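1. Pasted the sequence and its predicted model underneath.
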Amino acid sequence: MGSLARLAFLAVAILVAVVIVRDCAPSRVVFPSPTPTVSPAATPTRSVTARPTATASATVSPQTTFALTVTDAELTKAAASSFPQTVSGVTVRDPVVRTTTRGVRLTATARVFFGTTEFVMTGTPYASAGRVAFRVDSITLGGLGLPDSVRASTAAAVESAIGQLVPPNVTVEKVSLGEGTVTIEGVMRR
């Protein structure tokens, strides 16, 4: 009978943990402007290249191309500025961002009432309606999937943070993922 009571207690503890953390999503992630880095290839992390484009009428202002490349180190540093965060008694800290050609993965340590576990969010940024959008593919706490409401609020927070990197006069046309980088391309109106 003692093992049945322990099993019931464990089930109740897991249920309480899920209820407590169901709204456990970073409410605000701030990505500061990337800083230039020097690599052996000496590739700048930010570039704006002038390229005239054809216009339909004389009243439309000239446009130039816009390109911004952000590295995993810059994304991790930016994400760290918004942590630790505590929501419903769960503290999430020490985020690490990894980018591959398939997507972006953020892992962090989550301290819950019974110890620590891993918070993991995976997703994909893309261009939509001239801005950067973010699709959250999965979001888990200790391996357990979190509700759709957490997924939606996390996507909105990431979109807002990435949107701060792109000037308002830029129409985003493409977001590309590389091994360790995210590149945002578009057209800048003057």
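-> That came through fine.
2. Tell me the spacing between Arg105 and Ile139.
-> Distance of Arg105 to Ile139, given as CB to CB, to the nearest Å: 11 Å. From N, CA and C alone the C-beta is placed, and that goes for glycine too.
3. shared neighbours, these two?
-> Val120, Met121, Thr122 (CB atoms under 8 Å, 6 or more residues apart in numbering).
4. quick one, longest strand in the chain?
-> Secondary structure assigned by DSSP state E gives strand 115-128 as the longest strand of the chain.
5. Tell me the helix or strand right after that one.
-> strand 131-141 (DSSP states H and E).
6. That next one to strand 115-128, inter-axis angle?
-> Angle of strand 131-141 versus strand 115-128, following axes from the mean of the first three to the mean of the last three CA atoms, to 10 degrees, is 160 degrees.
7. and Gly143, backbone torsions?
-> phi 90, psi -10 (degrees, to the nearest 10).
8. surely Thr117 meets Thr140?
-> No. The criterion here is CB atoms under 8 Å, and Thr117 misses it with Thr140 at 9.3 Å.
9. can you confirm Gly186 is in a strand?
-> Yes. The assignment for Gly186 is a strand, going by DSSP: H, G, I helix; E, B strand; the rest coil.
10. thinking again about what came up before, okay, Arg105 and Ile139: which has more neighbours?
-> Using other CB atoms under 10 Å as the criterion, Arg105 and Ile139 rank with Ile139 on top: 22 against 17.
11. wait, the more buried one sits on Leu146?
-> Yes. Ile139 is in contact with Leu146 according to CB under 8 Å; the separation is 4.9 Å.
12. Now for the shared contacts of Arg105 and Ile139, which sits with the most neighbours around it?
-> Those, ranked by neighbours (other CB under 10 Å): first place Met121, 26 neighbours.
13. show me what contacts that residue?
-> Met121 neighbours (CB under 8 Å, 6+ apart): Arg105, Leu106, Val136, Ser138, Ile139, Thr140, Thr154.
14. Quick one: mean pLDDT for the helix or strand in which the last one is found?
-> This points to Thr154. Using DSSP H and E, Thr154 falls within helix 148-163. The average pLDDT within helix 148-163 is 80.
15. May I have that helix as PDB, with CA atoms only?
-> C-alpha atoms of helix 148-163 as PDB (Å, rounded to 0.1, in the frame of the first residue of the first chain):
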ATOM      1  CA  ASP A 148      -0.100  25.900 -26.900                       C
ATOM      2  CA  SER A 149      -0.600  29.100 -24.900                       C
ATOM      3  CA  VAL A 150       3.100  28.900 -23.800                       C
ATOM      4  CA  ARG A 151       4.100  28.200 -27.400                       C
ATOM      5  CA  ALA A 152       2.200  31.200 -28.700                       C
ATOM      6  CA  SER A 153       3.500  33.600 -26.000                       C
ATOM      7  CA  THR A 154       7.000  32.400 -26.600                       C
ATOM      8  CA  ALA A 155       6.800  32.900 -30.400                       C
ATOM      9  CA  ALA A 156       5.500  36.400 -29.800                       C
ATOM     10  CA  ALA A 157       8.300  37.200 -27.400                       C
ATOM     11  CA  VAL A 158      11.000  35.900 -29.900                       C
ATOM     12  CA  GLU A 159       9.400  37.800 -32.800                       C
ATOM     13  CA  SER A 160       9.400  41.000 -30.800                       C
ATOM     14  CA  ALA A 161      13.000  40.600 -29.800                       C
ATOM     15  CA  ILE A 162      14.200  39.800 -33.300                       C
ATOM     16  CA  GLY A 163      12.100  42.600 -34.600                       C
END
